[in-house]
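K.L.:
Just the structure for this:
(one chain, ligands or ions: 1)
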Amino acid sequence: MISYNGHISYASAPAKIILFGEHFVVYEKPAILASIDKRVHIIVIKNDNENSIIINDRIFGKKYYPISVFADLERFSNDIYFPLLYTIKKNSAFKSNVGLEFTINSDIPYGMGLGSSAALSVATVACLSNIFKAIKKEKILELAIEAEKLVHKNSSGADCIVTTYGGLLLYQKKSFRKLESKRELSLFLIPTGIKHSTGELVDFVKKFKSSNLDNFHKLANASENITKRAIRAIKDGNEIMLGDLMNENQILLEKIGVSNLIIDKIIGLCYKYQALGSKITGAGGGGCVLALIKAEIKNSFMRNMEKEGFQCIPVELETDGLIY
Ligand code: PMV
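P.N.:
The predicted model follows:
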């Protein structure tokens, strides 16, 4: 725990990828996720002589909120920092005669399916817990999930779990267990350049489900089956199998309508340049494609994708999760 006289506090939480099971996880099917080496870092300074909330963010600039926002917070429900303000209000020790200054530094691209908002929520709650009243990790997670649900009410909670506990994990119905990979996986993220709204895509899938009930049920069961086979492939370090399963998973995501032309193009290029497997990671509709590559062709794969005009970001898994 890093906290100085209760006046300055620091917390950091990682981004995530979803290897298997996104969307179907909202309907209680299993998913496999991993935290990766991109992080949001937050410093909060408490100033007893101030009466405002100041947020400095490298990307979104500086924002100022008078303490009176908490009297009618609902008015700010479309504000980008609504979940953050909500977590301040929900902190049981927060008193309205205090000023807080946040400095947010994030290298997690926003709207790219990498869990930037879950990482921000978890790190914020942890920072406030350092400064006001220490709360356990489980409670931090609970409050962060509550805040995430303000952004999209059907959130599975999976993003918050993986950013809190870190590592490679299997998640289903609010519980998780860690998985060990027998071999290091050569994974790449290929950004589509299109930002997405998770809430809108989750709503879109909800509509798809209600007008295609039987079909959705079959697809969800297929996703569960893929995820279960992937657990074994990860344990055995069978990357050929893992790649095939990623391709199978992508077909399901296409069937529920969360792929698009640019994603299809990237997936096509991944096949062309001999990725073992590739799929959407996260909500889709843009965001990033995740590709699994044989370590020996890493460099040529990157070169080829870049020649085609696509950035290729190597992914390192991490195991720390929330640091506070
Ligand atoms: O795109 P992201 O990082 O917000 O991931 C969303 C994952 C979903 O399964 C589509 C939604 C959820 O709450 O699990």
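K.L.:
Give me the phi and psi angles of the residue most central in space within the chain.
P.N.:
Centrality entry for the chain: nearest residue to the mean C-alpha point is Gly115, 1.8 Å, by CA atoms, centre = their mean. Per-residue torsions, Gly115: phi 70, psi 30 (degrees, to the nearest 10).
K.L.:
Spell out the residue ranges of the helices in the stretch 151-300 of the chain.
P.N.:
For the stretch 151-300 of the chain, the helices defined by DSSP state H, counting those that start in this stretch occupy 158-165, 198-211, 213-236, 239-255, 261-272, 298-307.
K.L.:
mind checking how far the third one is from the chain centre?
P.N.:
To tie it back to what came earlier, the one meant is helix 213-236. 21 Å (CA atoms, centre = their mean, to the nearest Å).
K.L.:
Could you do the fourth one as well?
P.N.:
The chain centroid and the centroid of helix 239-255 are separated by 20 Å under CA atoms, centre = their mean.
K.L.:
Compile the helices of the stretch 151-300 of the chain into TSV and extend it with columns for mean pLDDT and distance to the ligand.
P.N.:
(C-beta placed from N, C-alpha, C; glycine too.) Output for the helices of the stretch 151-300 of the chain, formatted as TSV (pLDDT from 0 to 100; distance: least, CB to the nearest ligand atom, whole Å):
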stretch	mean pLDDT	distance to the ligand
helix 158-165	97	5
helix 198-211	96	3
helix 213-236	98	11
helix 239-255	98	10
helix 261-272	98	13
helix 298-307	97	21
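K.L.:
Need these in a markdown table (columns: distance to Ser121 and mean neighbour count).
P.N.:
Conversion of the helices of the stretch 151-300 of the chain to a markdown table gives the following (distance: least, CB to CB, whole Å; neighbours: other CB atoms under 10 Å):
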| stretch | distance to Ser121 | mean neighbour count |
| --- | --- | --- |
| helix 158-165 | 7 | 27 |
| helix 198-211 | 13 | 16 |
| helix 213-236 | 25 | 17 |
| helix 239-255 | 25 | 20 |
| helix 261-272 | 26 | 17 |
| helix 298-307 | 32 | 15 |
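K.L.:
Looking at these, spot the one closest to Gly111.
P.N.:
The stretch from the helices of the stretch 151-300 of the chain with the least distance to Gly111 (CB to CB) is helix 198-211; that distance is 8.4 Å.
K.L.:
In contact with the residue nearest to Gly111 when sequence neighbours are not counted, which residues?
P.N.:
Spatially, and ignoring its direct neighbours in sequence, Gly111 is nearest to Lys195 (3.2 Å; CB to CB, 6 or more residues apart in numbering). The contact partners of Lys195, taken as CB atoms under 8 Å, 6 or more residues apart in numbering, are Tyr110, Gly111, Met112, Gly286, Gly287.
K.L.:
how far away is the nearest residue to the fourth one once chain neighbours are set aside from His23?
P.N.:
Put plainly, it is Gly286. With CB to CB, 6+ apart as the criterion, Gly286 has its nearest non-adjacent residue at 3.0 Å, and that residue is Ile194. Separation of Ile194 from His23 (CB to CB, to the nearest Å): 17 Å.
K.L.:
who's more crowded, these two?
P.N.:
Per other CB atoms under 10 Å, whichever of Ile194 and His23 has more neighbours is His23, with 28 against 14.
K.L.:
Tell me how far the more buried one lies from the ligand.
P.N.:
In this structure, His23 lies at 5 Å from the ligand, with CB to the nearest ligand atom, to the nearest Å as the measure.
K.L.:
what does this structure have sitting close to the ligand?
P.N.:
22-23, 25-26, 113-115, 155-156, 158-159, 198, 202, 282-283, 287 (CB under 6 Å from any ligand atom).
K.L.:
Among those, give me the pair with the biggest separation.
P.N.:
Looking at these by CB to CB, the two members farthest from one another are Val26 and Leu114, with 17.8 Å of separation.
K.L.:
Looking at the two, which has the bigger crowd around it?
P.N.:
In this comparison of Val26 against Leu114, neighbours counted by other CB under 10 Å, the higher total goes to Leu114 at 27 against 20.
K.L.:
For the protein, which residue gets nearest to the ligand?
P.N.:
Here the chain gets closest to the ligand at one residue, Gly282, 2.8 Å apart by CB to the nearest ligand atom.
K.L.:
hmm, which helix or strand of the chain has the shakiest average pLDDT?
P.N.:
Ranked by mean pLDDT, DSSP states H and E, the helix or strand of the chain with the weakest confidence is strand 3-4, at a mean of 46.
K.L.:
Just after that one, pick out the following helix or strand.
P.N.:
Downstream of strand 3-4, the first helix or strand assigned by DSSP states H and E is strand 8-20.
K.L.:
So what angle separates the directions of that next one and helix 239-255?
P.N.:
Calculated by axes from the mean of the first three to the mean of the last three CA atoms, to 10 degrees, strand 8-20 forms an angle of 90 degrees with helix 239-255.
K.L.:
which secondary structure elements does the helix or strand following strand 8-20 contact?
P.N.:
For strand 8-20, the succeeding helix or strand toward the C-terminus, using DSSP H and E, is strand 31-47. Identification of packing neighbours for strand 31-47 by 3 or more CB pairs under 8 Å, 6 or more residues apart in numbering; DSSP states H and E yields strand 8-20, strand 99-106, helix 116-131, helix 158-165, strand 168-172, helix 213-236.
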